[in-house]
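Q: Provided below for reference: sequence and predicted model.
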Amino acid sequence: MKRDILKYPDPRLRRKAEPVSSVDEGVRELIRDMFETMYAEKGVGLAATQVGEPVRVVVLDVSPVVEDVEPFALVNPEIVSAEGSEEGEEGCLSVPDYTAPVKRAARVTVRALDEEGQEVEINAEGFLARALQHEIDHLDGILFVDRLSPVKKSIFRRKYAKIARSGVGS
Ligand code: NI
């Protein structure tokens, strides 16, 4: 079932999500809903926080950008190592009609459970590393616009207040 995506500045986007204690059928149903919602909105990643479920679950399908990466879901993902630094353009389904360059680690290692509850470790670089960091941030109540420089952040707030008033993206 497709869910509604919470939009900035909804305070529920700021909640810190709780770890999942067991990967059961309820979690797998949430994962199916999240994929359906993400594909309907043409996103490449979605965190449970964005559909109002404060649990540590993300789904990603970066195949429109990176070849040979299958869609996958992660439960309780954790960045266990990060190195390098890279700037790249980001957007977010919770912040429609706005993109900006964000500095992130260039390479990350993420440990998580898959949808069967099996431990997985992912070594990622480039766009996938960026997408993983963006989605895991959501689980901690962080949006990509929080990572802009103070000057860019104030430009965002002014520009976005206008976008929101004009009704674009609502
Ligand atoms: Ni996002």
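A: Yep, that arrived. None of the values given here were measured: they were computed from a predicted structure.
Q: If you average the pLDDT over stretch 84-101, what comes out?
A: Stretch 84-101 shows a mean pLDDT of 96.
Q: Check the offset of that stretch from the chain's centre.
A: 11 Å (Cα atoms, centre = their mean, to the nearest Å).
Q: contact partners of that stretch?
A: 5-8, 10, 13, 38, 41, 43, 46, 50, 102-107, 126-127, 130, 134, 138, 143-145, 148, 152, 156, 159-160, 163, 168-170 (Cβ atoms under 8 Å, 6 or more residues apart in numbering). Any C-beta I mention is one placed from the backbone N, CA and C, and that applies to glycine too.
Q: Would you mind putting the CA coordinates of that stretch into CSV?
A: Extracted in CSV, the C-alpha atoms of stretch 84-101 (Å, rounded to 0.1, in the frame of the first residue of the first chain):
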residue,chain,number,x,y,z
GLY,A,84,37.1,10.8,2.3
SER,A,85,34.9,13.7,1.4
GLU,A,86,32.9,14.5,-1.7
GLU,A,87,30.3,17.0,-2.7
GLY,A,88,27.3,16.0,-4.7
GLU,A,89,23.8,17.3,-5.6
GLU,A,90,21.0,15.9,-3.4
GLY,A,91,17.3,16.1,-3.3
CYS,A,92,14.7,14.5,-1.0
LEU,A,93,11.1,13.3,-1.4
SER,A,94,10.3,15.2,1.9
VAL,A,95,11.8,18.4,0.5
PRO,A,96,10.1,18.6,-3.0
ASP,A,97,11.4,21.0,-5.7
TYR,A,98,14.7,21.7,-4.1
THR,A,99,18.2,20.3,-4.6
ALA,A,100,21.6,21.5,-3.3
PRO,A,101,25.2,20.2,-3.1
